[in-house]
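Engineer: Okay, predicted coordinates and the sequence, questions at the end:
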Amino acid sequence: MKTLEEIKKDIESCYSDATVTVEGTSLVVPKERWLEVAKFLRTHPEYSLDYLSSVTGVDYKEYLEVVYHLYSIEKKEGPLAVKVRTDRQKGLVPSVTPFWRSAEFQEREAYDLVGIHFEGHPDLRRILMWDEFQYHPMRKDYVQEDQDRPEKEF
Amino acid sequence: MEYTLKDTPALETQTLEVSLGPQHPSTHGVFRMNVTLDGETILKLKPVMGYLHRNHEKLAENMSWLGSMPYTDRLDYICSMTNNFAYALAVEKLAGLQVPERAQYIRVIMAELTRLVNHTLLIGFLLNDLGAFFTPVLYAFREREKILDLFEAVAGSRMMCNYFRFGGVKVDVTSDFIPRVRQIINKYPKFLDEFEKLLSENEILMARCQNVGVLPKELAINAGISGPMLRASGVPYDVRKVDGYSIYNRFKFRVPIGEKGDVYDRYYIRILEMRESINILDQAIKEIPDGEFITKEGGVGARSPRNFKPPKGEAYGRIEAPKGELGFYLVSDGTMKPYRYHVRAPSFINLTVLEDMCLGQKVADAIIILGSIDIVLGEVDR
Amino acid sequence: MFGLGVLKGMLVTFKNFILSYFTKERLTTVQYPEERIPEKERFRNFPFLIYDDKPEDLRCVSCDICAKECPPKCITIVRDKDEQGRPLKRPKVFDIDFTICMNCGICEEVCPFDAIFMDHEFELAEFGRFEDLNYHKEDLLKSAEYFAKIRPSDAARIDAKRREKTAKAQTETQTQNPGTGPTK
C-alpha cells in the first residue's frame, strides 16, 4: 500500500482544489469533497478500496468526526483510515452508502449514537435506540438518565 | 430483484404485514423482522434491532481499559475468547505492548477452540430452524461441552472467560491442558464425520438449503460482509491470512470458499473451517514453547488497571472472529479511560444484506437465511 | 437413490441412541442434585472475604481498590473508625450486590492484600430480588481453611507469598530497632 503522503498527492492531482491533510495515521478529507474522494478511492484501479470495514463517529467536543476504515479485498491491502469532520450543531456529512452498502447500518448507528446526519442515506432512522428517543448518547455532554447508582470516582 | 404484486396472476390479493419476533424462537434472540408478504413470498423485509441495547461503548468510556475486558465477553457470548482477543490486540496496538511467545500460542489455541464451539453450535441451531428439532443441537452441545470444560479449567468460567490481558493472558494453562486439547482434536474429526453423515447428504436439508438466500460475490464485498458468509460467496478473504495477526502467519491452513453463496454453502463452509481449525490446533500444540504467559509490564497493568494509560492516539485492531471480522476502534487521550471505544460487530453488519437475500423467498426460507447469517444479539445490539 | 441420505442420518441417530446406554462419550449428562460434576479449581463464581484465624481478623484493610476497579461497581466499602474518629484498617461495611456482580474476578486480581477471592458456591437462590442478594460483611466471611480446601494450589502459592512477606517485615523491624524483637 502507498504511504499516506502519496495518496494525498494522488488525490490532489485528480481534484486540484481538494485539500487533503495527513494527521497521524489517517487522512482528513473536507466533507465537501468527501464524495468525490470516496469515489476515487473506491474505483481507482491503483487503490480499489472495495471493502468499507468500519464507520464510526467520534465526538471531540469542538467538532464531530466520522472515521472510515477502508480495505481492499482485491489487492488484500489496507487499512486506510479516512476522517471527515463536521460541526456539532448540524453534523452534516455526505453518505457513502451508494459506494459501499456496508455503510448503511453503520451510518444509521453513527446517526443514532453520535448524531451525525448523513445526507443521501436511503433510510436514516434510529437503529439501536427507540424512535422517540431525543438524545445522542455517545456525545460527551450526554447526561445519563440512570442516576441512582452511586458514582465512584477513580 | 424486484418482486411486486404484478408478478402473481391477476388475483385480487392484498399484502400482509407480519412482525416476526422479537420474542420468537427462530430469531435467535430479541430480533424482529418486519416482513411484507404476498401469500408466502417476501416482498419487503426490515430488520428491527436494539432490544438488547445497553450502550456497551458508553459503558467502556466510563471505566478503565481493563474494565471493559469482561464486558467484551458479553458481546458475542458464545465466543468470548475471540472477543477478548480482538480487544487485547487493539489495545496492544495502541500501547505498543509485546506479547510473549507462549501467550501467543495460548491465544491462538483458545481462538481456534472458540471457532469450533461457535461453528458446531451454529450448525445445530441452523438445523433447528430447518425443523430438525434439537437432535443436531444436542449432538453439538455434547461436543461443545468438552471444550467448555477446558475453558473452565483454564480461565475459570465456561462462557464469560475474561481470560486475555494486555500483553498476555491471565494465568498460565493448566498442566493437563495440552493433552486435553490433543484429545479433543483427535476426536473432533470423527464427530464431524458423523455430523456430516447425519446432515450433509440429507435430501431434505439439500432441498431446503440449496439455491436459497443466494448472496452474490459483488454484493457481499460491497456490503462489508465478513467471515464464513463472505467466503461462502466465493471470496477467499480471511483476516487470519491477510493480516497474519498474532502468529497466524506461521501456520499452514487453507481458506475454504463456497461456489454459489447459498445457505447450503454457508452451512458447509463451516464444517470445512472447523477441519482447518483442527489443523491449526494440531500445529499449535506441537509448537507451543515454554516461557512466560504475560510480560512483566502486562502483569503490572493487570494488577492495577488504574495505572494502565496508553499514550495518546488511536488504533483499529481486527481479527477473524468466528462470525466475521471483529474490529475495535479505540481512541486514547492518555488517561486511564478510553476516549472512544467502538466495536465493529460482524453479525451487525452481516445483517445489512438480510433483505437482499430474502426478497422473493418464502417465509420459512427467511428463517433459515437468518439462521445461516449466524447472529448473536448481544453483539448486534451492543 | 433418493432418501439414502435421510436413511444414513437415521442410522446415526439410532447409533447414538443405543450407545448412549453404554458409553460415557455419548451421554455426558449427570443427574444433578444427586450426582455432581467435580468442580474445577479455577472455577469462579461470586467473591468472598477471607479471614485467617478468627472472623474478626479480616485480611481486608478497606483500601477500596476492589470497589474502584470493579467494572459494574457492585462493591461498597465503608472504613471503620475507632472512638476518637481515626480511621482503622478494617471495613465497617463491606457489601457486594450479587445481582450486579458479573463474576469477572478482577477484584481478586487487583487486591494487594489477598483478602478477596472468588468462591465456588453457586447455589444461591433467594426469595427476595434485591436485599436478599445484597451480601453483607458477615455473609461474605469465609475462613482461610475453606479457601485452602476449594483452591489448594492457589492457597499454597498465596500462603507462601504471605509468609515470605511477614518474614521480611520481621527482619526489617529487627534490623531497624535491634533488641526489641518482633512486635505482634
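Structural biologist: Right, received. Where do you want to start?

Engineer: Going by C-alpha atoms from here, please, whenever you check contacts or count neighbours.
Structural biologist: Will do.

Engineer: Count the residues that sit near the closest residue to chain A within the stretch 151-300 of chain B.
Structural biologist: In the stretch 151-300 of chain B, the residue that lies nearest chain A is residue B:223 (4.0 Å; C-alpha to the nearest C-alpha). Neighbour count for residue B:223, taken as other C-alpha atoms under 10 Å in any protein chain shown: 26.

Engineer: May I ask which helix or strand of chain C has the lowest mean pLDDT?
Structural biologist: Within chain C, no helix or strand scores below helix C:152-176, which has a mean of 82 by mean pLDDT, DSSP states H and E.

Engineer: any residue of stretch C:58-69 up close to chain A?
Structural biologist: Yes. Stretch C:58-69 reaches chain A (C-alpha under 8 Å from any C-alpha of the partner chain) through residue C:68.

Engineer: partner residues bridging the residue most central in space within chain C?
Structural biologist: In chain C, the C-alpha nearest the mean C-alpha coordinate belongs to residue C:118, at 1.4 Å (C-alpha atoms, centre = their mean). Taking DSSP bridges as the rule, residue C:118 bridges to residue C:47.

Engineer: sec struct for residue B:340, please.
Structural biologist: Following DSSP: H, G, I helix; E, B strand; the rest coil, residue B:340 is assigned to strand.

Engineer: any idea which helix or strand carries the closest residue to chain A within chain C?
Structural biologist: Distance from chain A to each residue of chain C (C-alpha to the nearest C-alpha) is smallest for residue C:68, at 6.2 Å. Counting by DSSP states H and E, the element that carries residue C:68 is helix C:65-69.

Engineer: Next, see if that helix gets close to chain B.
Structural biologist: Yes. Counting by C-alpha under 8 Å from any C-alpha, chain B is contacted by helix C:65-69 at residue C:69.

Engineer: where does the chain dip in pLDDT?
Structural biologist: Going with chain A. A:144-154 (pLDDT under 70).

Engineer: that's the wrong chain, I meant chain B
Structural biologist: B:1-11, B:26.

Engineer: Pick out the residue nearest the middle of it.
Structural biologist: Closest-to-mean residue, chain B, C-alpha atoms, centre = their mean: residue B:323 / 2.4 Å.

Engineer: check contacts around it.
Structural biologist: By C-alpha atoms under 8 Å, 6 or more residues apart in numbering or on different chains, the contact list for residue B:323 reads B:226-228, B:346-347, B:374-375.

Engineer: and the gap between it and chain A?
Structural biologist: Going from residue B:323 to chain A by C-alpha to the nearest C-alpha, to the nearest Å gives 14 Å.

Engineer: how many other residues sit next to residue 63?
Structural biologist: Assuming you mean chain A. If you count neighbours by other C-alpha under 10 Å, residue A:63 ends up with 13.

Engineer: let's do chain B instead
Structural biologist: Around residue B:63 there are 23 residues (other C-alpha under 10 Å).

Engineer: that's a strand at it, yeah?
Structural biologist: No. Residue B:63 is assigned coil when assessed by three-state DSSP, not a strand.

Engineer: Touching, it and residue B:337? I think so.
Structural biologist: Yes. Between residue B:63 and residue B:337 there is a contact at 5.6 Å, judged by C-alpha atoms under 8 Å.

Engineer: coming back round to it: who are the packing partners of the helix holding residue C:68?
Structural biologist: Under the contact definition 3 or more C-alpha pairs under 8 Å, 6 or more residues apart in numbering or on different chains; DSSP states H and E, helix C:65-69 sits against strand C:75-81, helix C:106-110.

Engineer: hmm, try it at 7 Å
Structural biologist: helix C:106-110 (3 or more C-alpha pairs under 7 Å, 6 or more residues apart in numbering or on different chains; DSSP states H and E).

Engineer: Could you tell me how far residue B:61 is located from residue B:340?
Structural biologist: Relative to residue B:340, residue B:61 is positioned 6 Å away (C-alpha to C-alpha, to the nearest Å).

Engineer: brain fart, residue B:79
Structural biologist: Counting by C-alpha to C-alpha, the gap from residue B:79 to residue B:340 is 24 Å.

Engineer: now swap in residue B:67 and tell me
Structural biologist: Distance of residue B:67 to residue B:340, computed by C-alpha to C-alpha: 14 Å.

Engineer: same deal with residue B:43?
Structural biologist: According to C-alpha to C-alpha, residue B:43 and residue B:340 sit 39 Å apart.

Engineer: quick one on the thing from earlier: and chain B, is the least confident helix or strand of chain C touching that?
Structural biologist: No. Helix C:152-176 lies apart from chain B when judged by C-alpha under 7 Å from any C-alpha of the partner chain; the minimum separation is 11.3 Å.

Engineer: ok, for the spatially most central residue of chain A, nearest residue in space, not its chain neighbours?
Structural biologist: Chain A has residue A:66 as the residue nearest its centroid, 2.8 Å off, counting by C-alpha atoms, centre = their mean. Nearest residue to residue A:66, sequence neighbours excluded (C-alpha to C-alpha, 6 or more residues apart in numbering or on different chains): residue A:57, at 4.4 Å.

Engineer: any bit of stretch B:373-382 sitting next to chain A?
Structural biologist: Yes. Using C-alpha under 7 Å from any C-alpha, stretch B:373-382 reaches chain A at residue B:381.

Engineer: For residue 137, give me its contacts.
Structural biologist: In the absence of a named chain, chain A is used. Going by C-alpha atoms under 7 Å, 6 or more residues apart in numbering or on different chains, residue A:137 touches A:113-114.

Engineer: The chain in question should be chain C.
Structural biologist: C:93-95.

Engineer: just residue C:65 next, same as before
Structural biologist: Residue C:65 sits next to residue C:111 when contact means C-alpha under 7 Å, 6+ apart.

Engineer: Where does the closest residue to residue B:191 other than its chain neighbours fall, secondary structure wise?
Structural biologist: Nearest residue to residue B:191, sequence neighbours excluded (C-alpha to C-alpha, 6+ apart): residue B:143, at 8.0 Å. Per DSSP H and E, residue B:143 falls inside helix B:135-155.

Engineer: just residue A:81 next, same as before
Structural biologist: Using DSSP H and E, residue A:81 falls within strand A:77-86.

Engineer: neighbouring strands for that strand, and are they parallel or not?
Structural biologist: If you go by DSSP bridges, strand A:77-86 pairs up with strand A:26-29 (parallel), strand A:64-72 (antiparallel).

Engineer: ok, residues contacting that strand?
Structural biologist: With C-alpha under 7 Å, 6+ apart as the criterion, strand A:77-86 contacts A:1, A:26-31, A:63-72, A:92-93.

Engineer: from the middle of its chain, how far away would it be?
Structural biologist: Its chain's C-alpha centre and that of strand A:77-86 lie 7 Å apart, by C-alpha atoms, centre = their mean, to the nearest Å.

Engineer: Please name every helix or strand in contact with the helix or strand following it.
Structural biologist: Counting by DSSP H and E, the next helix or strand C-terminal to strand A:77-86 is strand A:92-94. Packing partners of strand A:92-94 (3+ C-alpha pairs under 7 Å, 6+ apart): strand A:117-119.

Engineer: if you set the cut-off to 8 Å instead, what comes out?
Structural biologist: strand A:77-86, strand A:117-119.

Engineer: how big is the angle separating whatever helix or strand comes next after that strand from strand A:64-72?
Structural biologist: Next helix or strand after strand A:92-94 toward the C-terminus (DSSP H and E): helix A:103-113. Interaxial angle of helix A:103-113 relative to strand A:64-72 (axes from the mean of the first three to the mean of the last three C-alpha atoms, to 10 degrees): 160 degrees.

Engineer: Show me what from chain C comes close to chain A.
Structural biologist: C:68, C:73.
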